[in-house]
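S.K.: Only the shape, not the letters, is given here:
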């Protein structure tokens, strides 16, 4: 009877958290972009925002954030270093967008700022971890 030991390094929990958050937010941003493209009445009044009342451009912006988030989340789960870079880019873009939309959707903006901050913390706290496989 032999006892097997774990020789492979396990991915840190914070890194897994960041990946799952980015994938989840990416999926939700795709749904939000569809609402923007449909000129949904459920969207807050963004007429005083950066893109004005052009919900199409808000939708494009959300699709860009979603693409970065999904790519970064998948790359982080794969152990790829590109995931860290994309994760920082995603968090920066989300922070910028959150401050732009904070006046029109304060709860959404505050929640997005909190998630982006947690992802940045997760990426920086696990910066020494590398996947050797």
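M.R.: Thanks, I have the structure now. Please read all numbers here as calculations on a predicted model, not as lab measurements. Residues are numbered from 1 along each chain as shown.
S.K.: what are the ranges of the helices in this structure?
M.R.: 13-37, 55-78, 81-101, 106-125 (DSSP state H).
S.K.: Pull out the buried positions in the third one.
M.R.: Put plainly, it is helix 81-101. Across helix 81-101, burial judged by 16 or more other Cβ atoms under 10 Å covers 83-84, 86-88, 90-91, 93-95, 97-98, 100-101. Heads up, the C-betas are built off the backbone N, CA and C, glycines and all.
S.K.: Report pLDDT for the residue nearest to residue 82 when sequence neighbours are not counted.
M.R.: Nearest non-adjacent residue to residue 82, counting by Cβ to Cβ, 6 or more residues apart in numbering: residue 75, 5.0 Å away. Looking at residue 75, its pLDDT reads 90.
S.K.: now do residue 19
M.R.: Here the pLDDT value assigned to residue 19 is 91.
S.K.: how near is residue 128 to residue 18?
M.R.: In this view, residue 128 and residue 18 are 15 Å apart by Cβ to Cβ, to the nearest Å.
S.K.: what about these two, which has more around it?
M.R.: residue 18 (29 against 6; other Cβ atoms under 10 Å).
S.K.: contacting residues around the closest residue to residue 56 other than its chain neighbours?
M.R.: Nearest residue to residue 56, sequence neighbours excluded (Cβ to Cβ, 6+ apart): residue 37, at 6.5 Å. By Cβ atoms under 8 Å, 6 or more residues apart in numbering, the contact set of residue 37 is 55, 56, 59.
S.K.: State the distance from residue 37 to residue 109.
M.R.: Residue 37 is 21 Å from residue 109, by Cβ to Cβ.
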